[in-house]
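A.B. asks: Pasted the sequence and its predicted model underneath.
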Amino acid sequence: VPAEVLCTDNDARLEPVDDRIRPVQGVASTEVFPILEMEELTFSRGTG
């Protein structure tokens with residue numbers, strides 16, 4: 001199940017994974033992929 005977690009800094013990135021996700025029974029493995037930059041995309045739907 002993919003999940004997205006937003007964190008304030010790099011140190012806080014693994015805390016939710018280690019404390020809340022990995023202990024859940026049935027979780028076989030986890031992978032963490034940092035997003036280095038986020039940009040907002042706006043699409044014109046032909047209304048203007």
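C.D. replies: Sure thing, it's come through.

A.B. asks: From here on, just use CA atoms for contacts and neighbour counts.
C.D. replies: OK.

A.B. asks: where in the chain is pLDDT low?
C.D. replies: 47-48 (pLDDT under 70).

A.B. asks: quick one: the helices in it?
C.D. replies: Counting by DSSP state H, the chain has helices at residues 15-16.

A.B. asks: Taking the centroid of it, which residue is nearest it?
C.D. replies: Glu4 (2.6 Å; Cα atoms, centre = their mean).

A.B. asks: Can you give me every residue that contacts it?
C.D. replies: Contact partners of Glu4, counting by Cα atoms under 8 Å, 6 or more residues apart in numbering, are absent.

A.B. asks: Contacts made by stretch 18-33 with the rest, please.
C.D. replies: In contact with stretch 18-33 (Cα under 8 Å, 6+ apart) are residues Leu14, Val17.

A.B. asks: Only the C-alpha atoms, please, for it, written as PDB.
C.D. replies: In PDB, the C-alpha atoms belonging to stretch 18-33 read as follows (Å, rounded to 0.1, in the frame of the first residue of the first chain):
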ATOM      1  CA  ASP A  18       9.900   3.200  12.400                       C
ATOM      2  CA  ASP A  19       7.300   4.000  15.100                       C
ATOM      3  CA  ARG A  20       4.000   3.500  13.400                       C
ATOM      4  CA  ILE A  21       4.200   1.500  10.100                       C
ATOM      5  CA  ARG A  22       6.900  -1.100  10.700                       C
ATOM      6  CA  PRO A  23       5.400  -2.400  13.900                       C
ATOM      7  CA  VAL A  24       2.100  -3.200  12.200                       C
ATOM      8  CA  GLN A  25       1.500  -6.900  12.000                       C
ATOM      9  CA  GLY A  26       1.700  -8.100   8.400                       C
ATOM     10  CA  VAL A  27       4.100  -5.400   7.200                       C
ATOM     11  CA  ALA A  28       6.900  -7.300   5.500                       C
ATOM     12  CA  SER A  29       9.000  -4.400   4.300                       C
ATOM     13  CA  THR A  30       9.100  -0.700   3.900                       C
ATOM     14  CA  GLU A  31      10.900   1.600   1.400                       C
ATOM     15  CA  VAL A  32      11.400   5.300   1.800                       C
ATOM     16  CA  PHE A  33      11.800   7.600  -1.200                       C
END
